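Novice: Need the 3D shape of this:
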Amino acid sequence: MNVLEPPRSEAPTSDGAFAAWLADRAGRLLLRVRAEHGHDDPAALKRAGDRASHQLLRDELARCRSADAVLSEEDDGARQVWATGTAGSPPDRLGADRVWIIDPLDGTREFSEPGRTDWAVHVALWQRNAPTEHRLVAGAIALPAQGRTLGTDTPPPRPTTVSGRTIRLAASRSRPPVFLSELADEVGAELVPMGSAGAKIAAVVRGEVDAYVHAGGQYEWDSAAPVAVATATGLHASRIDGSALRYNEADPRLPDLVVCRPELAAPLLAALRQHRVLTPATATAAG
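Specialist: Now for the predicted structure:
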């Protein structure tokens, strides 16, 4: 066990509580890594955080959910697209009934910057026989520097609609897409910059912003846990063309999404169609 790792405690039996417990443990470890390394060498801090959180999550999943498969951003070959004719054996997750989809450190850049709190740990469970289209049955977003973890075991109440207020859209602080400014103008919204897809969707869940629209490229681990929490809260989540988000696919790229209060889904999707924002064919990075 890593000397920085929080003391091990009894893991919850229910999947929802386990996801929150696991994300929280990894988050507390990341806080210790951040304090231990400091911010003088951001690249080294990023590597240390990714490595430590990934190892803790992998070890605990092997200890507590050994029969389940795992898809982690930090796994070798995680980004590989599997198709008929692909050389080698497909990953176990494609034949599994239960798959944990994890992002050990979402918002790595923000993690490496002193004072920033917009970075997260994502833990989600995909289940083959789940009744929803995304098939996410449990999930949690840990926001360690904010001292909170949001989970499907006790989902937050849906944010209250405030009539007459300007709509707020979460936007990438480093790479806001051009279409987002045009979309904000179309629907009369203001952009709220922040890092980490998990932090952005958590801000929608908590009512700090009203929507998150992304079309710049992501993978399944960037959104699985946040979407599980958002939909458990009663929020809308889909791709930008309105189609369903699907996880544990042979192609792990899931490059675009909309998460918002339900009453905003129709006008936002209509504006996206009007501006001809296309679903990207490839993914490049999390936003």
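Novice: name the helices or strands packed onto the helix or strand harbouring D222?
Specialist: For D222, the enclosing helix or strand under DSSP states H and E is helix 220-233. In terms of contacts (3 or more C-beta pairs under 8 Å, 6 or more residues apart in numbering; DSSP states H and E), helix 220-233 is packed against strand 69-72, strand 98-106, strand 120-127, strand 136-143, helix 197-205, strand 236-238, strand 257-260. The C-beta positions use only the backbone N, C-alpha and C, and glycine is treated the same way.
Novice: Tabulate those in CSV, adding columns for mean neighbour count and mean pLDDT.
Specialist: As requested, those are exported to CSV (neighbours: other C-beta atoms under 10 Å; pLDDT from 0 to 100):
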stretch, mean neighbour count, mean pLDDT
strand 69-72, 21, 97
strand 98-106, 28, 98
strand 120-127, 29, 98
strand 136-143, 28, 98
helix 197-205, 28, 96
strand 236-238, 22, 97
strand 257-260, 25, 95
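Novice: nearest to Q55, of those?
Specialist: For these, proximity to Q55 was assessed by C-beta to C-beta; strand 98-106 is nearest, at 8.4 Å.
Novice: could you give the angle of that closest one to helix 220-233?
Specialist: Between strand 98-106 and helix 220-233, the angle comes out at 110 degrees (axes from the mean of the first three to the mean of the last three C-alpha atoms, to 10 degrees).
Novice: Let's see the helix or strand just after strand 98-106 as PDB, backbone CA atoms only.
Specialist: Remark: after strand 98-106, the chain's next helix or strand is helix 108-111, criterion DSSP H and E. Provided in PDB are the C-alpha atoms of helix 108-111 (Å, rounded to 0.1, in the frame of the first residue of the first chain):
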ATOM      1  CA  THR A 108      -5.100  17.000 -14.400                       C
ATOM      2  CA  ARG A 109      -4.000  20.500 -15.400                       C
ATOM      3  CA  GLU A 110      -6.100  22.000 -12.600                       C
ATOM      4  CA  PHE A 111      -4.800  19.500 -10.200                       C
END
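Novice: What mean pLDDT does the helix holding D222 get?
Specialist: Mean pLDDT, helix 220-233: 97.
Novice: Give me the pLDDT value at E208.
Specialist: At E208, the pLDDT recorded in the model is 94.
Novice: Assumed it was part of a helix.
Specialist: No. E208: not assigned to a helix; according to DSSP: H, G, I helix; E, B strand; the rest coil it is coil.
Novice: rewinding a little: any idea of the angle the helix holding D222 forms with strand 136-143?
Specialist: Using the same axes, to 10 degrees: helix 220-233 against strand 136-143 is 100 degrees.
Novice: Could you tell me the angle between helix 220-233 and strand 120-127?
Specialist: Per the same axes, to 10 degrees, the angle that helix 220-233 makes with strand 120-127 is 80 degrees.
Novice: okay, the angle between helix 220-233 and helix 197-205?
Specialist: 10 degrees.
Novice: that older thread, pipe the helices and strands packed on helix 220-233 into a markdown table and attach distance to P156 per row.
Specialist: As requested, the helices and strands packed on helix 220-233 are arranged in a markdown table below (distance: least, C-beta to C-beta, whole Å):
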| stretch | distance to P156 |
| --- | --- |
| strand 69-72 | 26 |
| strand 98-106 | 19 |
| strand 120-127 | 15 |
| strand 136-143 | 11 |
| helix 197-205 | 6 |
| strand 236-238 | 15 |
| strand 257-260 | 14 |
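Novice: between the ones you listed, which gets nearest to A189?
Specialist: Across these, closest to A189 is strand 257-260 (C-beta to C-beta), at 10.6 Å.
Novice: Point out the other helices and strands that the closest one packs with.
Specialist: Strand 257-260 packs on helix 197-205, strand 211-214, helix 220-233, strand 236-238, helix 262-274, going by 3+ C-beta pairs under 8 Å, 6+ apart.
Novice: what about these, which gets the closest to R135?
Specialist: Closest of the helices and strands packed on strand 257-260 to R135 is helix 220-233, at 9.8 Å (criterion: C-beta to C-beta).
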